[in-house]
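Visitor: sequence and predicted structure below; questions after.
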Amino acid sequence: MDLFQTITFPALGSHLLVGLSRSMILFVVTSGMSLVLGVLRVPNVAHGSLYMIGAFAAFSISHLFGGGAIGFWLALILSPFVVGAVSLIAERSLFCHLYEREHLMLLLFTFALMLILGDLVKMVWGADYRSIMAPEFFRGSVTLFQAPFPRYNLFLLLVGPLVAVGLWLFSNKTRIGKIARAAAVDREMVGAIGINVSWVFAFAFVLGCFLAGLGGALVSPTVSITIGMDHDIIMEAFLIVTIGGLGNMWGAMVGSLIFGITQSFGVLLLPQFAIVFPYLAVVIILIWRPTGLLKSVW
Amino acid sequence: MSKGIFNLKTFGLAAAILIALAFLPPVLPRFYVYILAVIFVTALLAMSLNMVVGHGGLFQFHHGAFYGVGAYTAGLMMTKTSLPGWMGLVAGPFAAALVGLLIGIFCIRLTRLYFGMLQISLGSLIWAIAFRWYSFTGGDDGIHGIPLPSLISSPIGAYYFCLILLAICLFVLYFIFKSPFGATLQAIRDNPERCEAIGINVRRHQLIAIVIATFFAGIAGVLFVVVEGSVFPDLLFWVFSLEVFIMCLLGGWFTFAGPIFGAAIMVSLRTFVGAYTEYWTLILGIMLIFLIFFLPEGVWGYLLEKMGNQKQNLHKETK
């Protein structure tokens, strides 16, 4: 049984917290995807690429401002806007002309966008590994459950719920959020009462991509930033929104928690097969509840 | 349908092309023989996918998983067991069809996007296992230098093996396409509710289609091993599956021969454009956008429509 010798109470606790903070990153990314899914009903395959752009933009911005605390905070605030701008350009120039077309075409368009953005990132930033440092304040760790726990991850644990509350307020308390939800249910009706649905879609799409950029910026101090991170995240994001229920924001939260925690416990149990655990969890959930855990908006 | 299943003109044309291809290897440089063999393999894969996507209307997003299962089964049987090599070649398609059946049973309960999503997750599970199980599948390195039966181990032998199998598979696929089963499948694609109402077991038909398609994907996987002599987890990766999906779109969904053109165009572009630039996916992406905006029915679909229109116009003029 020496295989499971590594499992101790502190190890369980710290893996749980690491899994939770990973879940928060996943939630920030998937909530954006879920929003696009809910309103436009398109799985945005390019979402992972925008996340990657967010991380690279955070790298560039933080270096531009000297890599200190100011650079970090500016990167965190500005890079989602960079990503939002990229997505707005793509949406207004090409994507918006496809809304009347068959759904599969929209999906394929986002795939094309993923291919293009992936290579553009390679052109702009190159294929090297990049990294940025979290500011002084977030470095080091605190002791929780008798185990060291990085401070930055605690920050992530704060940000995730904040984004959730913000999105909930947006979609339930603001006018445009309500319109977006209505457009998701019945597009013709919303158009018929004189609302420009195309712009509502654009807004939802850009906001979703903004969240992808935010996720990329948030993750940037914890991983090495490199091309290829888009492929990893997009698959995870897909699976999370599927098990959560397509287009349901709280579903994205539940899915992220399941995915992040199974992943981190997988590392504890069988490090070699850690990536198999979340997939296995997804398969079990989908076999048990084929349309996801929470109610889909579709 | 009064002309029967096999229109003499198309059949003759196909036979002529196949015979021409059979005479190519002695005159072509070795590299082109290899590229042609790759095109044959990819074309078969795209055809098998199109059977469920174009004709069946199912969102088969992770077809590469079955291709990979076929290739891995053949590769593993040839390297890890002392059974004769041919056994691996035969076992590949059956393993792929078995996995296709298992995944299909779960996926078929869902429709449209959920179908595709569940399939991607199940396929990714296979990918994750192949990617990580170093001691068995070789992990991300894959398996290289697979010992093939001597008859097909040379590039020329592999070429003829692929050509013959492709010809047989095309014949069978065309037969299925034109059979009552194929017609039912296309009817289900166009209107599943009505088909259900007139007493067609929609899900059973779709499941059978998936199993047949995955079987052919398995054959393509085995042929991949014959051509390349190696397998690696990229075959099972979902990005590759979407590329095959694009091939179907590029050639034309609703046509029979479209995916062959799609595969030929994609493989040639990848080989020749990829030799000049490292930004191959950028070109692929731009190509895909052009396709979505200007040629949604695909290259072959567009040509067929053009030819059809001309015929109709001629018809009108003679009237």
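Guide: Cool, the structure landed. Since we're looking at a predicted model, the values are computed, not measured.
Visitor: and the most centrally placed residue in chain B, what does it touch?
Guide: Closest to where the C-alpha atoms of chain B average out (Cα atoms, centre = their mean) is residue B:45, at 1.6 Å. For residue B:45, the contacting residues are B:63, B:67, B:216, B:217, B:220, B:221, B:244, B:263, by Cβ atoms under 8 Å, 6 or more residues apart in numbering or on different chains. Placement of C-beta: from N, CA and C, glycine included.
Visitor: need the contact list for residue B:33.
Guide: By Cβ under 8 Å, 6+ apart, the residues touching residue B:33 are B:24, B:25, B:155, B:156, B:159.
Visitor: most neighbours among those, which one?
Guide: Highest neighbour count within these: residue B:159, with 24 neighbours (other Cβ atoms under 10 Å in any protein chain shown).
Visitor: element containing that one?
Guide: Here residue B:159 sits within helix B:155-178, counting by DSSP states H and E.
Visitor: which neighbouring elements make contact with that helix?
Guide: Judged by 3 or more Cβ pairs under 8 Å, 6 or more residues apart in numbering or on different chains; DSSP states H and E, the packing partners of helix B:155-178 are helix B:8-22, helix B:30-53, helix B:202-228.
Visitor: number of nearby residues for residue A:102?
Guide: Residue A:102 has 11 neighbours, counted by other Cβ under 10 Å.
Visitor: cool, and residue B:188?
Guide: Neighbours of residue B:188 under the rule other Cβ under 10 Å: 24.
Visitor: that one touches residue B:197, doesn't it?
Guide: No. Using Cβ atoms under 8 Å, residue B:188 is not in contact with residue B:197; the gap is 11.7 Å.
Visitor: circling back: now the contacts of residue B:45: which count as buried?
Guide: In terms of neighbour count (16 or more other Cβ atoms under 10 Å in any protein chain shown), the buried residues within these are B:63, B:67, B:216, B:217, B:220, B:221, B:244, B:263.
Visitor: the fourth one: what's it in contact with?
Guide: When you say that, I think you mean residue B:217. Residue B:217 touches B:45, B:48, B:49, B:63, B:66, B:67, B:70, B:96, B:100, counting by Cβ under 8 Å, 6+ apart.
Visitor: how about the third one?
Guide: When contacts are counted by Cβ under 8 Å, 6+ apart, residue B:216 touches B:44, B:45, B:47, B:48, B:51, B:93, B:169, B:173.
Visitor: now with 6 Å, please.
Guide: Counting by Cβ atoms under 6 Å, 6 or more residues apart in numbering or on different chains, residue B:216 makes contact with B:48, B:169.
Visitor: in the contacts of residue B:45, find the pair that's most separated.
Guide: B:221 and B:263 (14.5 Å; Cβ to Cβ).
Visitor: just for chain B, where's the confidence low?
Guide: Across chain B, the ranges flagged by pLDDT under 70 are B:1-7, B:309-319.
Visitor: one step back: convert the helix holding residue B:159 to CSV, retaining C-alpha atoms only.
Guide: This file holds the C-alpha atoms of helix B:155-178, laid out as CSV (Å, rounded to 0.1, in the frame of the first residue of the first chain):
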residue,chain,number,x,y,z
PRO,B,155,6.5,2.2,-49.8
ILE,B,156,5.4,0.7,-53.1
GLY,B,157,3.8,-2.2,-51.4
ALA,B,158,2.1,0.1,-48.9
TYR,B,159,0.8,2.3,-51.8
TYR,B,160,-0.8,-0.7,-53.5
PHE,B,161,-2.2,-2.0,-50.3
CYS,B,162,-3.8,1.3,-49.5
LEU,B,163,-5.1,1.8,-53.1
ILE,B,164,-6.7,-1.6,-53.2
LEU,B,165,-8.3,-1.3,-49.8
LEU,B,166,-9.5,2.3,-50.6
ALA,B,167,-11.1,1.0,-53.8
ILE,B,168,-12.9,-1.8,-52.0
CYS,B,169,-14.0,0.5,-49.2
LEU,B,170,-15.3,3.1,-51.6
PHE,B,171,-17.3,0.5,-53.4
VAL,B,172,-18.8,-0.7,-50.1
LEU,B,173,-19.4,2.8,-48.9
TYR,B,174,-21.1,3.7,-52.2
PHE,B,175,-23.2,0.6,-51.9
ILE,B,176,-24.3,1.6,-48.4
PHE,B,177,-24.8,5.2,-49.5
LYS,B,178,-27.2,4.1,-52.2
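Visitor: now the very next helix or strand once past it against helix B:155-178, angle please.
Guide: Counting by DSSP H and E, the next helix or strand C-terminal to helix B:155-178 is helix B:180-190. Angle, helix B:180-190 to helix B:155-178, by axes from the mean of the first three to the mean of the last three Cα atoms, to 10 degrees: 70 degrees.
Visitor: what angle do helix B:180-190 and helix B:30-53 make?
Guide: Calculated by the same axes, to 10 degrees, helix B:180-190 forms an angle of 70 degrees with helix B:30-53.
Visitor: list the buried ones in helix B:180-190?
Guide: B:182, B:184, B:185, B:187, B:188, B:189.
Visitor: and the last one, what does it touch?
Guide: With Cβ under 6 Å, 6+ apart as the criterion, the residues that contact residue B:189 are B:56, B:57.
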